[in-house]
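Trainee: return atomic coordinates for the entry below.
(chains A, B and C)
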Amino acid sequence: MRNVLVGLSMLAGLASQSLMSLALISLALISLALISPALADVQIGILMPKTGFGAGFGAEEQGSIDLFMSKYADLGPAGKLKLTIYDTRGEPAQAISLTRKLIDTDNVLAILGPYFSGESEAAFPVANRAATPIVTPSSAKPGIAAANRPWTFRNASTTDKTDAALVVHWLKRQSSPVRKVVIFYDGKDAVSSSDGKAVMPAVLKANNIEVLDSISFQTGDVDFSAQVTRAKALGADGIVMTALFTEAGHLTRELRRQGMQQPILAGVELSLDHKFIETAGDAAAEGVLTGADFNRDSPRPSVVAFIKEYQERVGQLPGNSSALMYDALFLMRHCIMTTGVAGSSAADKAKIRDCWAGLKDVDAPIAGPSSIDENGDARHAPNFLIVKSGKFVVDR
Amino acid sequence: MALLAVDNLGVRYGNLTALDGVSLSVAPDEIVTVVGANGAGKSTLMRAVLGLVQINSGTISFDGQDITRLPTFKIARKGIALVPEGRGPLRQLSVRENLVLGAFSRAWDAATKADFEAVLDRFPALRPRLAQTAGTLSGGEQQMLVIGRALMSRPKLMLLDEPSLGLAPLIVAQVFATIEAVRGMGVAVVVVEQNAHAALKLADRAYVIENGRIVLEGSNLLGDKRVQEAYLGGSVA
Amino acid sequence: MVLLQQIINGVMLGSTYALVAIGYSLIFGVLRLLHFAHGEVFMVGAFIALCSVWFLNAGPVLAVVCAAVGCAVLGVVIEFVAFRPVRRRSGGMLAPIVSSLGVGLLLQEVATNIFGADQTRFPPQFEATVYHFGSLFVTSTQLFILATSFGLMLLVHLFISKTKYGLAMRAVAENVDVAGLLGINSNAVVVLTFAVASALGGIAGVLVGFAFSAISPFMGISMTIKGLVVMLIGGLGNVYGAMIGGLVLGIAEVLTVGYLASSYRDAFSFALLILVLLVRPQGLFAGGLRAGH
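Mentor: I've put the predicted structure just below:
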């Protein structure tokens, strides 16, 4: 009996010991569980214009970021997606120093941004040297990613890919033939300038269109009277403009005000922004044709859902910049999930680079099947959009 | 009662003592002169009365009111006009505009217009130059203009800082005659002068200032031996 | 005909430069200080007018009046907040420059927070009627701008040459001490100067808003620079110089854009400035708030 008691007490002791250790182990597990997601979080840096003249674009991007993070911040075993967002003010110098900061100080896995071609031209070499993947969702000037292989990418079609189709479409739809055009281009904006000075003229020449004059203006200009007066005397029968939406709007308004009623083709720099129509006025903007990655009228269920959710969350319609950023985030998350990276090591960065370089027909929510070519550029079929009664509608 | 009473006034520019315990009084209708060497503190005294320099100690009262730390424009509006040394007229403004501004604190009514005409009658040389900018006037004409402008405010007291400086002798005589005339209009006058002889002859009373201190005061300093030696070349001319 | 149309374009642009530069010149003339928030006052003027249209259903004239009054008040506030404290401490040239730059940035930020960074514009009923004369054209907005700006220039001229307070302003500009001796309260004159200058700047903002249907928190930045260039061309602190200089700059810019390229526009403006300063270092008109004799 006594032995039994001793034995029982020993058992009890053993049990309490094992209970203790169980508790200890589970405590340790809990604390590990608390700490480990932090260790496994994936840091992505974002560069965008939150202030300055490009703040409107930044706002469009921010709307998509907020929406995306509310839905897809969880990366499963890799923990959570963490974003470090910096404001470049649309300035290349800021883009350079913030790229360095994201890589050196914030130790990010990869960077999304910057917005403008001029910024990307400046920031891409920095990321390329630092062997960190960088993906601009928007810059469209040809050759920027090609010049900085293998770490730089973009999820936007370059102007050389879109212009050819756009010009042909524009010429085809005119009732009276266009033979002589005047080009207006923004000399300060990198993509508009390269498009207006090199890409568009080459495409127009290939289509046997004479360029009578190339007339420049500067980002931020509001007075276009001198340019239009100069163009008016030339007798063009078509107008081509490569400009951001604000300047394009003012230019279009002034063209119509001075009585120039020729058909207008606006390059993809317009970025399908409704503010173009607001600035130009419905009447002046009527009939302006442009191209864009984003087709807001697309029947694709994922596009319809995106527009609905974006509107609910942000209270405004998404713009072209919203769409591009949303897809870029989606593809970045796709790469993180499929490669199984968990930090920002050199090996992790290389995996992300290889994922982007090899993207083939990945079904992005907005653009649909997305691929990256050997230059690091996306291939999207451009949508042709025309202004009808104050709205962009798809022109077929 | 004195119109102007300066009591134990002290002014320092940094470490430099410009005025030290200066007391002075001016009665209505009186012409008082302050003589002294260059840098003795005469101009500082004038500027202190008008609030143009910072006062460190002492008080200034005018017409029974303390004006020690009032801003310049308020002192001027109480009826003290200063004819400053050198750059007196507003050179970029026309002669007419200078005179009109003299009456800034008055309404431009019949009395003011009459004063305007009276000034032009007193200084006929100004009349054909009314539309000219004041900077184009000769030195004598500028001095006339500034005195005329001071009269436009109908002051009770006029302070003149070196009114004869740089003027031809004939003009100087004219200026001193004008000062007499001003007193004749019921305006008390304080004249600060290096030209001690003329000033002392003109004045009812005089003060001698040396190194920021009043060293002599009296009603017949022209005859005073010390004054003769220090300021009048040792003998009466 | 093209040249004539370009000159018309230039006069339109230049008349708004002139209004901004007159304000600059008044303030520089009186205080010998550069007001680096003046461009932002111009910007605020446009926004005040916009609000008056939104909330009071104002027409063009009432909008201009609202902007003038609002900016006059703003100008006075700036004088009390940014200039008077540092002037009292006699901080030299640098302190007022820095404090006015600060006020400018603040106004920009506030405007961005209230109205957003994007350009906005007056509603469509302010759309101009276009009058064509052969190949020339002029719009009703342009006529309104011309009438308003030249009318204001005439008013400024009458104010500084014929009124008591205009004379007082010029007196303070030339010599603060002498102005004080004449019974002029120079602080009050400074306040008046800020009010008048800022009202003109604000009206210029409305006119630019009408003309180019573009109102944004950043529209003042280039105006600050252009106003400065105009003032230097016209002669520091000279109101008539600012008027002529504004028109000269506007026409020069338009001709540069029309016959050379837009990228030369600012370069050409500064070349013009350097040329003027080389030939006449005091500017086209000598300094000072002159009444034009």
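
Trainee: now the helices for chain C?
Mentor: In chain C, the helices defined using DSSP state H lie at C:2-31, C:38-56, C:60-78, C:84-88, C:94-115, C:140-162, C:164-174, C:176-181, C:186-212, C:219-234, C:239-259, C:265-279.

Trainee: helix C:219-234 and the second one, what's the angle between them?
Mentor: The reference is to helix C:38-56. If you take axes from the mean of the first three to the mean of the last three CA atoms, to 10 degrees, helix C:38-56 sits at 130 degrees to helix C:219-234.

Trainee: is helix C:38-56 in proximity to chain A?
Mentor: No. Taking CB under 8 Å from any CB of the partner chain as the criterion, helix C:38-56 and chain A are apart, separated by no less than 11.2 Å. In short, each C-beta sits where N, CA and C put it, glycine included.

Trainee: so where is the stretch 1-150 of chain A shaky, pLDDT-wise?
Mentor: Along the stretch 1-150 of chain A, segments meeting pLDDT under 70 span A:1-40.

Trainee: could you tell me the least trusted of the helices of chain C?
Mentor: With a mean of 80, helix C:84-88 has the lowest mean pLDDT of these.

Trainee: which residues does residue 103 contact?
Mentor: If you meant another chain, say so; for now it's chain A. Residue A:103 is in contact with A:45, A:111, A:126-127, A:130, A:132, counting by CB atoms under 8 Å, 6 or more residues apart in numbering or on different chains.

Trainee: wait, chain B was what I had in mind.
Mentor: Taking CB under 8 Å, 6+ apart, we find residue B:103 in contact with B:112, B:115-116, B:152-153.

Trainee: so what touches stretch B:206-216?
Mentor: So stretch B:206-216 is contacted by B:11, B:17-24, B:32-37, B:40-42, B:44-45, B:199-200, B:217-219, B:221, B:224, B:226-227, B:230-231 (CB under 8 Å, 6+ apart).

Trainee: which of those residues fall within strands?
Mentor: Judged by DSSP state E, the contacts of stretch B:206-216 include B:11, B:17-24, B:32-36, B:217-218 as members of strands.

Trainee: nearest to residue C:27, of these?
Mentor: residue B:11 (32.4 Å; CB to CB).

Trainee: so that closest one touches residue B:53, yeah?
Mentor: Yes. Using CB atoms under 8 Å, residue B:11 is in contact with residue B:53, at 5.7 Å.

Trainee: quick one, phi psi at residue A:89?
Mentor: Main-chain dihedrals, residue A:89, degrees, to the nearest 10: phi 60, psi 10.

Trainee: how many neighbours does the residue in chain B positioned nearest to chain C have?
Mentor: Proximity of chain B to chain C (CB to the nearest CB) peaks at residue B:72, 3.3 Å away. Using other CB atoms under 10 Å in any protein chain shown, residue B:72 is surrounded by 24 other residues.

Trainee: quick check: the gap between it and chain A.
Mentor: Going from residue B:72 to chain A by CB to the nearest CB, to the nearest Å gives 47 Å.

Trainee: the residue in the stretch 251-396 of chain A positioned nearest to chain B - nearest residue in space that isn't next to it in sequence?
Mentor: Nearest residue of the stretch 251-396 of chain A to chain B: residue A:254, at 43.1 Å (CB to the nearest CB). Spatial nearest neighbour of residue A:254, chain neighbours left out: residue A:224 (4.2 Å); criterion: CB to CB, 6 or more residues apart in numbering or on different chains.

Trainee: how many other residues sit next to that neighbour?
Mentor: Using other CB under 10 Å, residue A:224 has 25 neighbouring residues.

Trainee: quick one: pLDDT of it?
Mentor: In this model, residue A:224 carries a pLDDT of 94.
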